[in-house]
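Participant: What follows is a predicted protein model with its sequence.
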Amino acid sequence: MKFFFPDSQDLVDPSFDFEKETRGLTRLRQRDDCYPHEMFKVPPYDGILVSRATMDERYTFAQKQRLFRQGVREFLRLGSGNKTRIEILGDCGAFSYKDQDIPPFTVDEVITFYQQCDFDYGISVDHIILDYNSEFDRGMKPPKKLLDRQALTLDYAAEFLAKSKKGKCRFRPLGVAQGWSPKSYAHSVRKLQFMGYTYIAIGGLVPMRTTDVLETLEAINDVRQPKTGLHLLGITRFGSISDFQKYGAVSFDSTSPLLQAFKSDNDNYHTEDATYIALRVPQVQGNAKLKANILAGKVNQDDARRLERDCLRLLKEFDRKHVTSDSVLEQLLAYEQLHDGKINRRDAYLRVLEDRPWKACPCEICTTLGIHVILFRGAERNRRRGFHNLYVFHKKLCNHRSESPKRHITTLHATANSK
C-alpha cells in the first residue's frame, strides 16, 4: 500500500536556534521552511495529498498564486527525478464543508485546479457522510439527508469522469464512495465501477471503528472488480493493513503519525516497536495555563523561569551522560507542579530517560537534534518529532511490503500507470 501524507503547511524552520530559541531575521514561512521530504535522504511517504479546502484555509493569497503559476510539484519542491518521485493526490477536503448543504466547489473548478497544478491523481467532488450504522442494512431506514448526499456524490463523480475524459486531463481520476452502512458503500462502489472508475476513494472512514471499516471493506469486496483499487481516506490503522490489502486497498492517507507528536497524551515519540511520552518543558511565556497562573498570582514568574532553565540545562547534560536520570527526573517533576500540577508523569518520564530512544534512532532528525527531539516544547521541536514519527511509520510500512523505501519510491509511478 502507498502512504500519502496530507499537506497542511507542516513545515519546520531550518534557521531555528534551539539553544537561543530564535529564528533567522529574514525567514519567510513556506519559502524558507522545510517539508518532511526535504529533511530526509529518503522521503518518509510515497505521496502527498493536497486538499483544495486546506489550500483555501491555510495558504496565503501569494502562495495560492504561486501554486497555480508553478504547479504543485515545484511549489512543494518535489523535483522531477524518477528516482525520488513522490506522487501527488488532490482532493476537495469534504470534512471541512460537512455542515454545508452542498459542496462549495463545482466539478469544473476542481478539474481546473487539478489540471492547472499538474496533479498525478484527482479525487471527484464529494459530500461526506458521517452517520455510519450497520443497522441500516437490517431494516432501519436511512434519513433522506444521507440518501441525498450519496446521490449527489455519485452525480458529481459521473460528471467529473466524463469531463476529465473529454478534456484529456493528465491526472488519473478517482471516484468517491460515500455510505452509511456496508451495503450502501458497496452500492456506491458498484455505481462508480459502472461509470468506468478503476481507482475509488472510500470516504467517511475516520470516525468508524476498525471492525466497522473491515465490515464495510468486506461488503465492497463482494462487488469490487479485480482491476479496481481502493484508496482509504484519512485512516492509518497499521495493525489492519494486511486486511485492508486483502479487500483491495492500494493506498491511504493520514496525518496521524505527525499529529501524535504533539496531540497525544502519551504516545508522542515512536519507535518501530514502542511509543514514548515527550518530556514536557514548556516555555514560560508560551504555555497558556502557566501564563494564566502567573497573571493570577498563583505562580511566581521568576521561579517558573528558573525551573525552566534548570530543566533545559540538566537535560542537555544528561544527553552528554554528565548527570543521572534521577536528577533530571526530579527537576522535570518540580517544573511540572507549576505548569500541570494535576498530572504525575514520573513513571512515563523515567522510562524515556532510562531507554533514551533518540540515541538508537538513525534518522536525520534524531541524529541532528539529539535530546531536543523528545522535548514537548514549541512547534519547532514538536513538529520535528512528528517528522521522525513519519520516518518510523514509513519504515514500518516498507518493512511490511518487504521492500526498501528507495526501491518502492522508484517504482511508484510505473505501478500506478500500469493499473
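Facilitator: Perfect, I can see it now. Numbers count the residues shown, from 1 in each chain.

Participant: For the stretch 251-400 of the chain, just list every one of the strands.
Facilitator: Chain-ordered strands for the stretch 251-400 of the chain, with DSSP state E, counting those that start in this stretch as the definition, fall at 269-270, 275-276, 279-280, 375-376.

Participant: tell me how far the second one is from the chain's mean position?
Facilitator: Distance of strand 275-276 from the chain centroid (Cα atoms, centre = their mean, to the nearest Å) equals 18 Å.

Participant: do the same with the last one
Facilitator: In terms of Cα atoms, centre = their mean, the centre of strand 375-376 is set 20 Å apart from its chain centre.

Participant: Who are the packing partners of that strand?
Facilitator: Counting contacts by 3 or more Cβ pairs under 8 Å, 6 or more residues apart in numbering; DSSP states H and E, the secondary-structure elements packed against strand 375-376 are strand 279-280. From N, CA and C alone the C-beta is placed, and that goes for glycine too.

Participant: hmm, back to that, find the one among the strands of the stretch 251-400 of the chain with the highest mean neighbour count.
Facilitator: Burial among the strands of the stretch 251-400 of the chain, expressed as mean neighbours by mean count of other Cβ atoms under 10 Å, is greatest for strand 269-270, which shows a mean of 25.

Participant: contact partners of that strand?
Facilitator: Counting by Cβ atoms under 8 Å, 6 or more residues apart in numbering, the neighbours of strand 269-270 from elsewhere in the structure are 257, 260-261, 275-278, 352, 357-358, 373-374, 385, 388-389, 392-393.

Participant: picking that back up, relative to residue 139, which of the strands of the stretch 251-400 of the chain is closest?
Facilitator: Proximity to residue 139, assessed across the strands of the stretch 251-400 of the chain by Cβ to Cβ, is greatest for strand 275-276 (42.4 Å).

Participant: partner strands of the closest one, parallel or antiparallel?
Facilitator: Each strand pairing with strand 275-276, determined using DSSP bridges, is listed with its direction: strand 269-270 (antiparallel).

Participant: rewinding a little: mind checking which of the strands of the stretch 251-400 of the chain is nearest residue 345?
Facilitator: Using Cβ to Cβ, the nearest of the strands of the stretch 251-400 of the chain to residue 345 is strand 279-280, at 7.2 Å.

Participant: what's the closest one packed up against?
Facilitator: With contacts taken as 3+ Cβ pairs under 8 Å, 6+ apart, strand 279-280 sits against helix 325-339, strand 375-376.

Participant: right, and residue 364 touches residue 40 too?
Facilitator: Yes - counting by Cβ atoms under 8 Å, residue 40 is a contact partner of residue 364 at 5.3 Å.

Participant: Can you check which residues contact both of those two?
Facilitator: residue 391.

Participant: Look up how far residue 294 lies from residue 273.
Facilitator: Remark: distance between residue 273 and residue 294 (Cβ to Cβ, to the nearest Å) = 41 Å.

Participant: Which residue of these two possesses the greater neighbour count?
Facilitator: residue 294 (20 against 7; other Cβ atoms under 10 Å).

Participant: tell me the contacts of the more buried one?
Facilitator: Under the criterion of Cβ under 8 Å, 6+ apart, the contact list for residue 294 reads 284, 300, 301, 304.

Participant: Skip the chain neighbours and tell me the closest residue to the residue nearest in space to the middle of the chain.
Facilitator: Compute the mean C-alpha point of the chain, and by Cα atoms, centre = their mean the closest residue is residue 255, 1.3 Å away. In this structure, residue 255 finds its nearest non-sequential neighbour in residue 6, 5.3 Å apart by Cβ to Cβ, 6 or more residues apart in numbering.

Participant: Thought residue 45 was touching the one you found, still the case?
Facilitator: No - the pair residue 6 / residue 45 is not scored as a contact, 9.7 Å apart, by Cβ under 8 Å.

Participant: what about those two, which has more around it?
Facilitator: Using other Cβ under 10 Å, the more surrounded residue of residue 6 and residue 45 is residue 45, with 26 against 20.

Participant: Skip the chain neighbours and tell me the closest residue to the more buried one.
Facilitator: Excluding its sequence neighbours, the residue lying closest to residue 45 (Cβ to Cβ, 6+ apart) is residue 5, at 4.1 Å.

Participant: Extract the CA atoms of the host helix or strand of that neighbour and return them as CSV.
Facilitator: Take DSSP states H and E as the rule and residue 5 turns out to sit in strand 2-6. Extracted as CSV, the C-alpha positions of strand 2-6 are listed here (Å, rounded to 0.1, in the frame of the first residue of the first chain):
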residue,chain,number,x,y,z
LYS,A,2,1.1,3.5,-0.8
PHE,A,3,1.1,6.1,2.0
PHE,A,4,0.0,9.7,1.1
PHE,A,5,0.8,12.4,3.6
PRO,A,6,-1.8,15.2,3.6
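
Participant: Packing partners of the helix or strand residue 145 falls within?
Facilitator: For residue 145, the element it lies in under DSSP H and E is helix 144-166. Taking 3+ Cβ pairs under 8 Å, 6+ apart as contact, the helices and strands that helix 144-166 lies on are helix 107-117, strand 172-177, helix 182-195.

Participant: what about the second one, distance to the chain center?
Facilitator: Looking back up the chat, that one is strand 172-177. Per Cα atoms, centre = their mean, the displacement of strand 172-177 from the mean C-alpha position of its chain is 20 Å.
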